[in-house]
Structure formats: structure tokens, C-alpha cells
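*Asks:* here are the coordinates; sequence isn't available:
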């Protein structure tokens with residue numbers, strides 16, 4: 001009888017194991033790190049930090065595909081199981097493209113028709129930038145322990161990560177958006193990025209000059225201009241033909257040796273204002289009068305053309321800063337456009 005009982009138990013356990021494979025998959029809502037009742041983060045959010053944020057709790061935990069870009073700070077996504085959602089990017093606010101803008105929300109922008117018109121132009125550019133960068137792409141979502149999982153319009157509140165970088169932060173650093181005034185975890189870092197963008201009159205902060213010139217503050221990119229700092233001359237072609245995201249190799253920076261001696265560039269870095277960094281490969285030498293073109297996209301390196309290998313645009317069409325540093329970290333040349 002004892003043996004028969006043991007056999008029955010083993011059969012019962014085997015049936016349970018088989019049935020466990022038929023359990024329904026976790027839904028997108030359940031896969032997020034926020035508890036539906038109180039908005040607190042779960043253990044899955046506490047992952048090692050290697051994803052473009054110094055805050056482990058905001059690390060990405062959900063994979064989605066961007067199926068539509070509503071505007072600069074709102075996108076529609078599809079989960080891996082096919083369901084859809086609308087995501088409002090945490091911590092940022094781009095100018096309105098459909099409704100009326102309120103200039104006093106953007107520090108220094110005048111409360112005038114010129115100020116509002118300037119903000120609308122930059123709102124449209126933010127939407128174009130988000131479309132070029134995110135539309136159709138697979139991204140990951142991270143959440144914030146200080147914010148609820150959903151906002152007033154039931155939109156999912158999240159950080160969007162592309163290629164390991166936090167897109168929300170990039171919007172602020174490159175002047176596409178202001179920091180949204182709330183108590184989100186990343187607030188201190190975003191505030192510093194916003195101050196830097198304001199001081200450089202980057203992107204939307206150009207609108208602060210709209211009162212002085214009747215609204216004609218420059219919003220077009222100076223796509224090719226030069227900075228001469230010692231023997232290394234820089235030029236930037238930021239605005240690729242067509243959509244930047246579809247033509248990444250037409251976005252590039254050119255390094256030209258105007259000196260009489262060769263330059264050993266191995267280990268030197270090229271960075272934008274948002275600190276995206278490209279490192280020149282070891283053994284690279286630029287002879288007097290020669291140029292090296294560094295394309296954003298992918299390709300086979302040649303003597304004259306190198307490829308960053310990125311999947312999204314780097315250089316801001318509204319103006320950006322190119323900084324070249326040698327292998328010791330010393331700044332060799334700086335070029336500002338826009």
C-alpha cells in the first residue's frame with residue numbers, strides 16, 4: 001500500500017509539472033515594475049546600472065516597439081504579446097504642436113506671439129526628432145519609484161531607452177524639451193542638463209531671444225561651418241538628406257589636419273553636447289592636409305571614412321557642439337554650430 005501511495009503521488013506531481021507549462025503568459029501590465037495598487041517599484045527594477053542612467057531603480061524592464069510618435073514627448077507602443085499602450089515620457093515637456101503654448105513655462109521665453117510661434121516651431125522639430133529616432137524601433141521602458149505608473153490621461157509614465165541610452169534625458173540635454181517640474185528620481189541630473197542647454201541657447205532656448213528680434217530667432221541648422229583650433233579643423237554636417245534616422249551616413253563630422261605635421265589620432269574622442277562619444281581606433285594618423293570623415297551610421301572603415309555604427313542620429317540639427325579630446329582627455333578642438 002505504501003508503494004502504491006508513493007506511485008500515486010509521483011503521478012500527481014508529474015501532471016502538475018505538465019499543466020504548469022499551460023499557465024497564461026504575464027500581461028504587459030504585470031510585467032512592469034510598478035505595483036498597480038500603490039505605484040511602488042518591484043525587485044526587477046533594481047538591476048545593475050549600465051543603461052545610461054545613474055539610478056538603478058529607473059533601469060529598463062519592459063521591451064516594446066514604437067508604432068507611432070504622437071509628439072516629442074508622447075509615443076504609442078506595442079508590447080511583445082501584441083497589446084498596445086500610450087507612453088508619456090517621464091521628466092520632460094516639449095512645446096505643443098496641436099494646442100497653444102504657454103511661454104512662461106519655458107524660462108526666459110517672452111510671453112508674446114513671437115515667443116509662442118517660436119515654441120511651436122521647436123515643438124514641431126522635437127516631434128520630427130522623436131519620429132526620426134524612435135518610430136518603428138524596439139525600445140525598452142523603465143519606471144520611476146516617485147511617480148505613479150500612469151498619468152492623468154491614463155498614459156503609461158516611463159523612461160524610454162534606445163541602444164542603452166535614456167531618450168528622455170537626451171531631449172533635455174539637446175534642447176528639445178524642458179525639464180517637467182515634478183519629483184521624479186532623475187530630477188537633479190535633468191536640471192543640470194537643462195541649465196547647460198539654456199546657457200548654450202540650445203534648441204528651444206533660442207526662443208528666449210524672440211522678443212529682441214521679433215521672433216526671427218534662428219531655428220535652421222548651420223549644417224556645415226568650421227572651427228579652427230590649432231592644427232585640427234572641424235566641420236559638422238548634422239542635417240542628413242530626408243529623415244535623419246533613415247540616412248545616418250549623411251550625418252557626419254569632418255576632421256582636417258591643417259598643420260604641417262601629422263597627427264596621431266588613435267584613442268582620441270569625438271563627442272556631442274549630450275556626451276555621445278566616438279573613440280578613434282588605435283593606429284589612426286592624419287597627415288598634413290588630409291581629412292577624416294566620421295559617419296554616424298554603419299559601414300566599412302576606409303582611409304578617409306570611419307563609421308560610428310549607431311542606429312539613431314547623434315547630431316542636433318538645431319545646433320550642436322563637437323568636442324575633440326586627445327587620449328589623455330585634453331580638449332584639442334571645439335566646434336559650435338547653430
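*Replies:* Thanks, I have the structure now. Since this is a predicted model, take the numbers as computed values, not measurements. Residues are numbered from 1 along each chain as shown.
*Asks:* What pairs with the longest strand seen in the chain, parallel or antiparallel?
*Replies:* Ranked by residue count and defined by DSSP state E, the top strand of the chain is strand 60-71. With DSSP bridges as the test, strand 60-71 is paired with strand 74-79 (antiparallel), strand 138-142 (antiparallel).
*Asks:* Any chance you could list what contacts stretch 265-278?
*Replies:* Stretch 265-278 is contacted by residues 165, 169-170, 173-174, 193, 196-197, 200, 202, 253, 255, 279-286, 292, 294, 308, 310, 314-316, 320-327, 332 when judged by CB atoms under 8 Å, 6 or more residues apart in numbering. In this view, the C-beta of every residue, glycine as well, is placed from N, C-alpha and C.
*Asks:* all helices for the protein, in order.
*Replies:* 2-20, 28-31, 113-134, 167-173, 187-199, 210-213 (DSSP state H).
*Asks:* For residue 178, see how far away residue 146 is.
*Replies:* Going from residue 146 to residue 178 by CB to CB, to the nearest Å gives 19 Å.
*Asks:* quick revisit: ranking the strands paired with strand 60-71 by burial, who's on top?
*Replies:* strand 138-142 (a mean of 21; mean count of other CB atoms under 10 Å).
*Asks:* Next, the angle helix 113-134 makes with it.
*Replies:* 110 degrees (axes from the mean of the first three to the mean of the last three CA atoms, to 10 degrees).
*Asks:* Would you pull up how far strand 138-142 lies from the middle of the chain?
*Replies:* 11 Å (CA atoms, centre = their mean, to the nearest Å).
*Asks:* circling back to that earlier point, figure out which of the strands paired with strand 60-71 is closest to residue 132.
*Replies:* strand 74-79 (12.7 Å; CB to CB).
*Asks:* which residues of the protein score low on pLDDT?
*Replies:* Applying pLDDT under 70 to the chain flags the ranges 1-51, 210-229, 338.
*Asks:* Mind splitting it into its structural domains?
*Replies:* Domains of the chain are assigned by automatic domain parsing as 29-38+50-213, 226-336.
*Asks:* Could you say which of those domains is packed most deeply?
*Replies:* domain 29-38+50-213 (a mean of 19).
*Asks:* just to revisit the earlier point, so for residue 125, which of the strands paired with strand 60-71 sits nearest?
*Replies:* Per CB to CB, nearest to residue 125 of the strands paired with strand 60-71: strand 74-79, 15.5 Å.
*Asks:* who touches the closest one?
*Replies:* 28, 31, 62, 64-70, 84-89, 130, 134, 139, 141, 155, 160.
*Asks:* Please state the offset of that strand from the chain centre?
*Replies:* That offset, for strand 74-79, works out to 16 Å (CA atoms, centre = their mean).
*Asks:* same check, this time on stretch 235-250
*Replies:* 16 Å.
*Asks:* And stretch 185-199, by the same measure?
*Replies:* With CA atoms, centre = their mean as the basis, the mean position of stretch 185-199 lies at 14 Å from the chain mean.
*Asks:* again with stretch 170-188
*Replies:* 12 Å.
*Asks:* got the strands paired with strand 60-71 as TSV, with distance to residue 260 columns?
*Replies:* Listed next are the strands paired with strand 60-71 as TSV, based on distance: least, CB to CB, whole Å:
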stretch	distance to residue 260
strand 74-79	51
strand 138-142	48
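*Asks:* So which of those is nearest residue 209?
*Replies:* strand 74-79 (27.9 Å).
*Asks:* which residues sit in contact with residue 332?
*Replies:* So residue 332 contacts 229, 230, 232, 268, 324, 325, 326 (CB under 8 Å, 6+ apart).
*Asks:* Can you name the residues bridging to the third one?
*Replies:* Taking DSSP bridges, one obtains residue 229, residue 257 as the residues bridged to residue 232.
*Asks:* Relative to residue 264, how far out is it?
*Replies:* Residue 232 is 12 Å from residue 264, by CB to CB.
*Asks:* What's opposite the nearest residue to residue 77 once chain neighbours are set aside in the beta bridge?
*Replies:* Nearest residue to residue 77, sequence neighbours excluded (CB to CB, 6 or more residues apart in numbering): residue 64, at 3.9 Å. Applying DSSP bridges to residue 64 gives these bridge partners: residue 79, residue 139.
*Asks:* do the one 10 residues further on as well
*Replies:* For residue 74, the beta-bridge partners under DSSP bridges are residue 71, residue 88.
*Asks:* Please tell me how far it sits from residue 192.
*Replies:* Taking CB to CB, one finds residue 74 at 24 Å from residue 192.
*Asks:* do you know which of the strands paired with strand 60-71 lies nearest residue 246?
*Replies:* Using CB to CB, the strands paired with strand 60-71 put strand 138-142 closest to residue 246, at 16.5 Å.
*Asks:* Can you verify my assumption that residue 144 contacts residue 182?
*Replies:* No. The pair residue 144 / residue 182 is not scored as a contact, 9.2 Å apart, by CB atoms under 8 Å.
*Asks:* Identify the contacts common to those two.
*Replies:* residue 91.
*Asks:* related to what we said a few turns ago, do you know which of the strands paired with strand 60-71 lies nearest residue 188?
*Replies:* Going by CB to CB, the one of those nearest residue 188 is strand 138-142, 16.9 Å.
*Asks:* How far away from the center of its chain is stretch 324-338?
*Replies:* Using CA atoms, centre = their mean, the offset of stretch 324-338 from its chain centre is 22 Å.
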